[in-house]
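1. with the sequence up front, the predicted model follows.
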Number of protein chains: 2
Amino acid sequence: MSKFPSEIILRNEHKIVFVVMDGLGGLPLSKGGQTEMEAAKTPNLDKLVTKNVCGCFDPLLPGITPGSGPAHLSLFGYDALELPVGRGLLAALGIDFRVQPEDVCIRVNFCTLDAGGRITDRRAGRISDEENKRLLGIVREKLVAPKGVEVFLETVSEHRALMVLRSDQLDDNVADTDPQALNVAPLPAKMAGKFAGKDSYTTNLVNDLLEQVRAILATADSPANFMLLRGFAKKKPMPSFEEKWGCKAGAIAGYPMYRGLARLVGMEVVADPTEPAELAKAAAKHLPDFDFLFVHFKYTDKKGEDGDFEGKVTQIEAFDAAVPAFAELNAAALVITADHSTPAKMAVHSWHPVPVLIVSDLARPDDVKNFGERVMAHGGLGRQTMINLMPLVLAHAGRLTKFGA
Amino acid sequence: MSKFPSEIILRNEHKIVFVVMDGLGGLPLSKGGQTEMEAAKTPNLDKLVTKNVCGCFDPLLPGITPGSGPAHLSLFGYDALELPVGRGLLAALGIDFRVQPEDVCIRVNFCTLDAGGRITDRRAGRISDEENKRLLGIVREKLVAPKGVEVFLETVSEHRALMVLRSDQLDDNVADTDPQALNVAPLPAKMAGKFAGKDSYTTNLVNDLLEQVRAILATADSPANFMLLRGFAKKKPMPSFEEKWGCKAGAIAGYPMYRGLARLVGMEVVADPTEPAELAKAAAKHLPDFDFLFVHFKYTDKKGEDGDFEGKVTQIEAFDAAVPAFAELNAAALVITADHSTPAKMAVHSWHPVPVLIVSDLARPDDVKNFGERVMAHGGLGRQTMINLMPLVLAHAGRLTKFGA
């Protein structure tokens, strides 16, 4: 794709409200049936669809199912295939850890080793969150990091935790120490990629920390007597959302992962409700302070992941009830879309393209009258990749001037 | 376009049957009429279209008419504009010659020279296939190649033949020796491109062989007393289909060109029927041995090239009769599409986009109910370029996992 000509971006007072209904797109449970969106009664969304412009966009590329990280980067107008969000970084974002540019983020699994140092349980019997916190407390207290290196340890859930190494001396070129197998010893930290198997300053440091952890946990009286490390990742350098699109951006999201993703691109997180009416109320409150408000609604995805078709229908209807409150914000552009599909039939993310609705005085009307995947695929925005959405939104908000004379 | 992230490819038992109806797309004979697909009665295809997802894809880029080589490479998910199939190579594939990576393939035209060595007929009076074979027999017997170089000579048809030089010392940077004009001498072999006009080891070798050919044919008592060489081409290095898409691939094709193209990407050619019912039977027999079966049906293109509208309609209907047999294979994804359009009205390949149908339990339904270009252009897959098809097919077959977390 050609590069977006950023010189055409205008800074003005025109507001954008950008609502993501997570995992919105779906499938019929059986051939000939309706999708979740089609089954839901959505009079308010239907009214907006009728008077505005819609389409159906591929989150990344046709056929590719995105994780939450790439899907949101793509919504925010970044080329997510070129800008991977490492798993350690995503774990940090998922608990809303404030990641600094120099941080190396690492996913930690507590595990159980036998007397010979071999792994007998890669999840340490799925210890409780409380036990996880207790153990991290002990490790935090006793662990000694070299000068210039800060070590953060945070509970995620059960046997899962986050380790962050903060130092400008470290890199993230470290292979997983989790051998993904039982009855073998954990792997020592070694470099990955083309230097695979070699040592570096970072791997030496990690191995030293791991030996301390082993000694500390040996006395902690827990099935969790060691840590497996995975997904070493730093934040990749990237322009902030404001640098990229000329919009001061705020975020409203009830779940930590999406607050983390918003912060990753420099948005200011201002509220964390989860219910549609509360999201709209928070948007009304904070819109005066921002050019762009990202509003994240989680429950459509949650019900999809549960394989709960009826539950997802109910959540779409619940969101619809709050739509008038979003419309009354009178933003120059109100966007209602999704990061990816999560069909209840599949109970996982999928590649199916997602509906996009842009509400704006400048929307060229199309013939679509209902909020549903198959009709919105015929909307005036057509079928595109999601990376095109931000320029379209800025245009509909009157925040782009013409290119060339 | 961003690079496809090959790490998301899964290897599993899910099967893909990929049917190419060559030259399927068409045009009405006169304004206001129906295309060949629209005129054909296709109850079985219509049933599949109704319950699944379709679209209309550009073989390469909008407006570009592809030859068979690029069209199939694009179907197989290769960027055919970056990966040209040289004409000599295509000639070799067209007679199912087993091309090795070191082979330089060359199109040969027998021609007639006068006593002064000037060309009087660039096609040597279109000699018969038998005369072609007789002459090549004589040349083969007498031609002496330097040590380390094997020379293959194969009849194509009439005055057309194939020469293949097999040696790891040779390259394909050689300009045509055919001056494309009468009453001038054939050109000596010289380098092409930025070294145009210069000699190389390869051009010296070719010129030596041509002088031998001239002497041999002088005694053969034929209007064909010399050879013009064109389209020097080696196979470009490229990943095999299996390396690229993680599918062990077989091919069923009645015509040598398509067997050659399948072999070019490393598919195993397992059968060569031409009739629809026989193609389906061969697919049923060989599907257990492969992840991906490419099935090629030629007659739609053949009738299109003949300008035979009714004949093409009949062939589409004949194929439709075999569609239940393809559906009964119960592949995770059954694809029915085309390499390019060959409207009977034009009697040549055209650029018009081609219909794509993906039959899968994971197909999101659209509103299309008939197998025809104009309705399928409104399908849920929309309008895209063909290089997107393979990722979509793998996704619908459950052979891709998600990108990022």
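-> Sure, I can see it.

2. what about the strands in the stretch 101-250 of chain A?
-> Using DSSP state E, counting those that start in this stretch, the strands of the stretch 101-250 of chain A run over A:103-113, A:119-121, A:150-157, A:160-166, A:226-233, A:249-253.

3. touching chain B at all, stretch A:299-312?
-> No: counting by C-beta under 8 Å from any C-beta of the partner chain, chain B is not contacted by stretch A:299-312; separation bottoms out at 12.4 Å. Every residue, glycine included, has its C-beta placed from N, CA and C.

4. okay, how far is it across that stretch, tip to tip?
-> Separation of the first and last residues of stretch A:299-312 by C-alpha to C-alpha, to the nearest Å is 8 Å.

5. likewise stretch A:139-150?
-> End-to-end distance for stretch A:139-150, by C-alpha to C-alpha: 14 Å.

6. now that stretch: mean pLDDT?
-> What stretch A:139-150 shows for mean pLDDT is 95.

7. what's the distance between the closest residue to residue A:362 other than its chain neighbours and chain B?
-> Leaving aside its sequence neighbours, residue A:362 sits nearest to residue A:396 (C-beta to C-beta, 6 or more residues apart in numbering or on different chains; 5.2 Å). The spacing between residue A:396 and chain B, counted by C-beta to the nearest C-beta, to the nearest Å, is 21 Å.

8. quick check: mean pLDDT of stretch A:189-200?
-> Stretch A:189-200 shows a mean pLDDT of 94.

9. give me the contacts around it.
-> The contact list for stretch A:189-200 (C-beta atoms under 8 Å, 6 or more residues apart in numbering or on different chains) reads A:171, A:173-175, A:177, A:202-203, A:206-207, A:210, A:229, A:232.

10. looking at the strands of the stretch 101-250 of chain A, spot the one closest to chain B.
-> strand A:226-233 (8.2 Å; C-beta to the nearest C-beta).

11. partners of the closest one in the sheet?
-> Using DSSP bridges, the strands paired with strand A:226-233 in its sheet are strand A:103-113 (antiparallel).

12. for the strand it pairs with, C-alpha coordinates in CSV please.
-> Extracted in CSV, the C-alpha atoms of strand A:103-113 (Å, rounded to 0.1, in the frame of the first residue of the first chain):
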residue,chain,number,x,y,z
ASP,A,103,11.3,-2.6,29.2
VAL,A,104,11.7,-6.2,28.3
CYS,A,105,8.3,-7.9,29.0
ILE,A,106,8.2,-11.6,29.7
ARG,A,107,5.4,-14.1,30.3
VAL,A,108,6.0,-16.2,33.4
ASN,A,109,4.5,-19.6,34.1
PHE,A,110,5.0,-21.0,37.6
CYS,A,111,5.9,-24.7,37.2
THR,A,112,6.8,-27.7,39.3
LEU,A,113,10.2,-29.3,39.1
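
13. now do it against strand A:150-157, angle only.
-> Relative orientation of strand A:103-113 versus strand A:150-157 (axes from the mean of the first three to the mean of the last three C-alpha atoms, to 10 degrees): 60 degrees.

14. sort out which residues of strand A:103-113 are buried, please.
-> Burial within strand A:103-113, assessed by neighbour count using 16 or more other C-beta atoms under 10 Å in any protein chain shown, is assigned to A:103-113.

15. span of stretch A:9-24 from start to end?
-> End-to-end distance of stretch A:9-24 (C-alpha to C-alpha): 30 Å.

16. which parts of the helix or strand of chain A with the lowest mean pLDDT are buried?
-> Every helix and strand of chain A was ranked by mean pLDDT, DSSP states H and E. The lowest is helix A:87-94, at a mean of 90. By neighbour count on 16+ other C-beta under 10 Å, the buried set for helix A:87-94 is A:87-94.

17. stretch A:354-365 too?
-> Across stretch A:354-365, burial judged by 16+ other C-beta under 10 Å covers A:354-360, A:363.

18. need the residues you listed in CSV (columns: secondary structure, distance to chain B and pLDDT).
-> Formatted as CSV, the buried residues of stretch A:354-365 follow (DSSP: H, G, I helix; E, B strand; the rest coil; distance: C-beta to the nearest C-beta, whole Å; pLDDT from 0 to 100):
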residue, secondary structure, distance to chain B, pLDDT
A:354, strand, 11, 98
A:355, strand, 11, 98
A:356, strand, 13, 98
A:357, strand, 17, 98
A:358, strand, 18, 98
A:359, strand, 22, 98
A:360, coil, 23, 98
A:363, coil, 20, 97
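
19. in a markdown table, list those along with distance to residue B:262.
-> Below are these laid out as a markdown table (distance: C-beta to C-beta, whole Å):
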| residue | distance to residue B:262 |
| --- | --- |
| A:354 | 36 |
| A:355 | 39 |
| A:356 | 39 |
| A:357 | 44 |
| A:358 | 45 |
| A:359 | 50 |
| A:360 | 50 |
| A:363 | 47 |
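
20. let me see the contact set for the residue in the stretch 201-350 of chain A that chain B sits nearest to.
-> Per C-beta to the nearest C-beta, residue A:349 is where the stretch 201-350 of chain A lies closest to chain B, at 5.5 Å. Contact analysis of residue A:349 by C-beta under 8 Å, 6+ apart lists A:23, A:65-67, A:71, A:340-342, B:402.

21. what about the closest residue to residue A:276 other than its chain neighbours, which helix or strand?
-> Nearest residue to residue A:276, sequence neighbours excluded (C-beta to C-beta, 6+ apart): residue A:322, at 3.5 Å. According to DSSP states H and E, residue A:322 maps onto helix A:309-327.

22. quick one: whatever helix or strand comes next after that helix to helix A:309-327, angle?
-> Per DSSP H and E, the first helix or strand lying C-terminal to helix A:309-327 is strand A:333-337. Here strand A:333-337 runs at an angle of 180 degrees relative to helix A:309-327 (the same axes, to 10 degrees).

23. show me what strand A:333-337 is packed up against.
-> Applying 3 or more C-beta pairs under 8 Å, 6 or more residues apart in numbering or on different chains; DSSP states H and E, we find strand A:333-337 packed against strand A:16-21, helix A:43-51, helix A:309-327, strand A:354-359, helix A:389-396.

24. please repeat the previous calculation with a cut-off of 10 Å.
-> strand A:16-21, helix A:43-51, strand A:53-58, strand A:292-297, helix A:309-327, strand A:354-359, helix A:389-396 (3 or more C-beta pairs under 10 Å, 6 or more residues apart in numbering or on different chains; DSSP states H and E).

25. partner strands of it, parallel or antiparallel?
-> Here strand A:333-337 is paired, per DSSP bridges, with strand A:16-21 (parallel), strand A:354-359 (antiparallel).

26. report the buried residues of stretch A:71-89.
-> A:71-78, A:80-81, A:84-89.

27. coming back round to it: relative to the whole chain's centre, how far out is the least confident helix or strand of chain A?
-> In terms of C-alpha atoms, centre = their mean, to the nearest Å, the centre of helix A:87-94 is set 9 Å apart from its chain centre.

28. specify the angle between it and strand A:226-233 in degrees.
-> Compare the direction of helix A:87-94 with that of strand A:226-233 by the same axes, to 10 degrees and you get 90 degrees.

29. what about helix A:87-94, near chain B?
-> Yes: Helix A:87-94 lies within reach of chain B by C-beta under 10 Å from any C-beta of the partner chain, at A:87-91, A:94.

30. what's the burial count for residue A:299?
-> Applying other C-beta atoms under 10 Å in any protein chain shown, we find 22 other residues in the vicinity of residue A:299.

31. returning to that earlier point: quick one: closest of the strands paired with strand A:333-337 to residue A:287.
-> Judged by C-beta to C-beta, the one of the strands paired with strand A:333-337 that comes nearest to residue A:287 is strand A:16-21, at 6.8 Å.
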